[in-house]
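Asks: turn this into a model:
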Amino acid sequence: MANKTKEIRNKKYNKLTAIKFHHKSKGIYYWIFKCDCGKKIIRGKKNVTSGQINSCGCSHGNLGKNNGMWKGSLVSYRSLHEWVSKKLLKPKRCTCCHKSKPYDLANKGNYNRDLKNWEWLCRKCHMKKDGRYKKLTKGLRTKQIN
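Replies: Numbering: from 1, shown residues only. Model (predicted):
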(Lines give C-alpha, C1' and ligand atoms only; values in the text may rest on other atoms or scores of the structure.)
Protein backbone atom coordinates (compact mmCIF):
# COMPACT_ATOMS: atom_id res chain seq x y z
CA MET A 1 0.00 0.00 0.00
CA ALA A 2 2.99 2.32 0.44
CA ASN A 3 3.44 2.64 -3.34
CA LYS A 4 -0.25 3.45 -3.82
CA THR A 5 -0.10 6.18 -1.19
CA LYS A 6 3.06 7.93 -2.44
CA GLU A 7 2.40 8.03 -6.16
CA ILE A 8 0.38 11.29 -6.19
CA ARG A 9 1.93 13.21 -3.27
CA ASN A 10 2.60 16.87 -4.28
CA LYS A 11 0.94 16.41 -7.66
CA LYS A 12 -1.59 19.01 -8.73
CA TYR A 13 -5.00 18.20 -10.20
CA ASN A 14 -6.79 21.36 -11.32
CA LYS A 15 -7.02 23.43 -8.10
CA LEU A 16 -6.19 20.52 -5.75
CA THR A 17 -2.72 19.43 -4.63
CA ALA A 18 -2.29 15.99 -3.02
CA ILE A 19 -0.82 16.42 0.49
CA LYS A 20 -0.86 12.95 2.05
CA PHE A 21 -2.68 9.67 2.19
CA HIS A 22 -5.47 9.63 4.80
CA HIS A 23 -7.13 6.18 4.81
CA LYS A 24 -8.50 3.34 2.71
CA SER A 25 -12.16 2.35 2.87
CA LYS A 26 -13.98 -0.18 0.69
CA GLY A 27 -11.17 -0.17 -1.87
CA ILE A 28 -11.05 3.62 -2.14
CA TYR A 29 -7.86 5.50 -1.26
CA TYR A 30 -8.71 8.76 0.50
CA TRP A 31 -6.22 11.61 0.39
CA ILE A 32 -5.91 15.01 1.98
CA PHE A 33 -5.87 17.65 -0.76
CA LYS A 34 -5.12 21.33 -0.43
CA CYS A 35 -7.09 23.65 -2.67
CA ASP A 36 -5.63 26.80 -4.24
CA CYS A 37 -7.93 28.80 -1.95
CA GLY A 38 -6.15 27.27 1.08
CA LYS A 39 -8.85 24.89 2.30
CA LYS A 40 -7.93 21.24 2.98
CA ILE A 41 -10.35 18.47 2.06
CA ILE A 42 -10.39 14.66 2.14
CA ARG A 43 -11.53 13.04 -1.10
CA GLY A 44 -11.18 9.77 -2.95
CA LYS A 45 -8.01 9.66 -5.06
CA LYS A 46 -9.80 8.42 -8.18
CA ASN A 47 -12.43 11.20 -8.04
CA VAL A 48 -9.72 13.86 -8.02
CA THR A 49 -7.26 12.30 -10.48
CA SER A 50 -10.05 11.60 -13.00
CA GLY A 51 -11.12 15.28 -12.92
CA GLN A 52 -14.52 14.54 -11.40
CA ILE A 53 -13.61 16.81 -8.46
CA ASN A 54 -11.66 19.96 -9.39
CA SER A 55 -11.68 22.02 -6.20
CA CYS A 56 -12.93 22.13 -2.61
CA GLY A 57 -16.09 23.77 -3.91
CA CYS A 58 -14.75 27.30 -4.08
CA SER A 59 -14.90 27.18 -7.91
CA HIS A 60 -18.68 26.95 -7.83
CA GLY A 61 -18.72 30.73 -7.24
CA ASN A 62 -17.14 31.27 -10.66
CA LEU A 63 -20.44 32.07 -12.31
CA GLY A 64 -21.17 35.12 -14.40
CA LYS A 65 -18.46 37.77 -14.36
CA ASN A 66 -16.20 35.64 -12.11
CA ASN A 67 -15.97 32.92 -14.75
CA GLY A 68 -12.93 32.96 -17.04
CA MET A 69 -15.17 32.11 -20.00
CA TRP A 70 -17.47 35.11 -19.40
CA LYS A 71 -18.00 37.14 -22.57
CA GLY A 72 -20.31 39.80 -21.20
CA SER A 73 -22.41 41.27 -23.97
CA LEU A 74 -20.15 39.87 -26.71
CA VAL A 75 -22.17 36.67 -27.07
CA SER A 76 -24.20 35.35 -29.95
CA TYR A 77 -27.75 36.53 -30.61
CA ARG A 78 -29.20 33.19 -29.52
CA SER A 79 -27.10 32.92 -26.35
CA LEU A 80 -27.99 36.44 -25.27
CA HIS A 81 -31.72 35.82 -25.81
CA GLU A 82 -31.46 32.57 -23.87
CA TRP A 83 -29.64 34.27 -20.97
CA VAL A 84 -32.12 37.17 -20.80
CA SER A 85 -35.14 34.83 -21.02
CA LYS A 86 -33.87 33.03 -17.91
CA LYS A 87 -33.31 36.27 -15.97
CA LEU A 88 -36.29 38.40 -17.07
CA LEU A 89 -39.57 37.05 -15.75
CA LYS A 90 -42.23 36.55 -18.39
CA PRO A 91 -45.40 38.55 -17.55
CA LYS A 92 -48.91 37.25 -18.21
CA ARG A 93 -49.63 40.03 -20.72
CA CYS A 94 -47.69 41.97 -23.35
CA THR A 95 -45.81 44.90 -21.75
CA CYS A 96 -46.92 47.17 -24.62
CA CYS A 97 -50.62 46.52 -25.35
CA HIS A 98 -51.41 44.56 -22.16
CA LYS A 99 -53.76 42.34 -24.18
CA SER A 100 -52.13 39.26 -25.62
CA LYS A 101 -49.77 36.80 -24.02
CA PRO A 102 -46.12 37.76 -24.57
CA TYR A 103 -44.40 35.44 -27.00
CA ASP A 104 -41.27 37.36 -28.01
CA LEU A 105 -38.35 38.70 -26.08
CA ALA A 106 -37.68 42.10 -27.64
CA ASN A 107 -34.68 44.36 -27.34
CA LYS A 108 -35.16 48.10 -26.91
CA GLY A 109 -32.00 49.12 -28.75
CA ASN A 110 -28.68 47.98 -27.28
CA TYR A 111 -27.86 44.29 -27.39
CA ASN A 112 -26.35 43.72 -23.97
CA ARG A 113 -27.08 41.98 -20.67
CA ASP A 114 -28.82 44.98 -19.11
CA LEU A 115 -32.33 43.69 -18.39
CA LYS A 116 -33.71 47.24 -18.65
CA ASN A 117 -33.11 47.01 -22.42
CA TRP A 118 -35.43 44.02 -22.83
CA GLU A 119 -39.20 43.46 -22.74
CA TRP A 120 -41.72 40.70 -23.39
CA LEU A 121 -44.06 41.55 -26.27
CA CYS A 122 -46.80 39.88 -28.23
CA ARG A 123 -45.88 39.17 -31.85
CA LYS A 124 -47.89 42.14 -33.21
CA CYS A 125 -46.31 44.69 -30.84
CA HIS A 126 -42.86 43.26 -31.50
CA MET A 127 -43.33 43.60 -35.24
CA LYS A 128 -44.67 47.18 -34.84
CA LYS A 129 -41.67 48.24 -32.74
CA ASP A 130 -39.25 46.66 -35.21
CA GLY A 131 -40.96 48.27 -38.21
CA ARG A 132 -41.77 44.88 -39.71
CA TYR A 133 -45.52 45.30 -39.28
CA LYS A 134 -45.58 48.42 -41.48
CA LYS A 135 -43.55 46.65 -44.18
CA LEU A 136 -45.80 43.62 -43.99
CA THR A 137 -49.04 45.59 -44.30
CA LYS A 138 -47.54 47.78 -47.04
CA GLY A 139 -46.56 44.64 -48.96
CA LEU A 140 -50.05 43.24 -48.59
CA ARG A 141 -51.66 46.48 -49.84
CA THR A 142 -49.46 46.63 -52.96
CA LYS A 143 -50.35 43.03 -53.83
CA GLN A 144 -54.07 43.83 -53.54
CA ILE A 145 -53.71 46.86 -55.84
CA ASN A 146 -51.90 44.87 -58.54
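
Asks: secondary structure element holding His81?
Replies: Per DSSP states H and E: His81 is located in helix 77-87.

Asks: what's the end-to-end length of stretch 43-55?
Replies: End-to-end distance of stretch 43-55: 10 Å, with C-alpha to C-alpha, to the nearest Å as the criterion.

Asks: how about stretch 96-109?
Replies: Termini of stretch 96-109 sit 16 Å apart (C-alpha to C-alpha).

Asks: which other helices and strands contact the helix holding His81?
Replies: strand 104-107 (3 or more C-beta pairs under 8 Å, 6 or more residues apart in numbering; DSSP states H and E). Where you see a C-beta, it was placed from the backbone N, CA and C, and this is true even at glycine.

Asks: which strands and helices sit next to the strand it packs on?
Replies: Strand 104-107 packs on helix 77-87, strand 118-121, helix 123-130, going by 3+ C-beta pairs under 8 Å, 6+ apart.

Asks: now with 6 Å, please.
Replies: strand 118-121 (3 or more C-beta pairs under 6 Å, 6 or more residues apart in numbering; DSSP states H and E).

Asks: and the strand it packs on, which strands flank it?
Replies: Within its sheet, and counting by DSSP bridges, strand 118-121 is paired with strand 104-107 (antiparallel).

Asks: hmm, who's touching the partner strand?
Replies: 81, 85, 118-119, 121, 126 (C-beta atoms under 6 Å, 6 or more residues apart in numbering).

Asks: from those residues, pick the one nearest Thr137.
Replies: Nearest to Thr137, judged by C-beta to C-beta, of the contacts of strand 104-107 is His126 at 14.7 Å.

Asks: buried ones in the lengthiest strand in the chain, by neighbour count?
Replies: Ranked by residue count, the top strand of the chain under DSSP state E comes out as strand 16-25. For strand 16-25, the neighbour count (16 or more other C-beta atoms under 10 Å) marks 16-19, 21 as buried.

Asks: lovely, talk soon.
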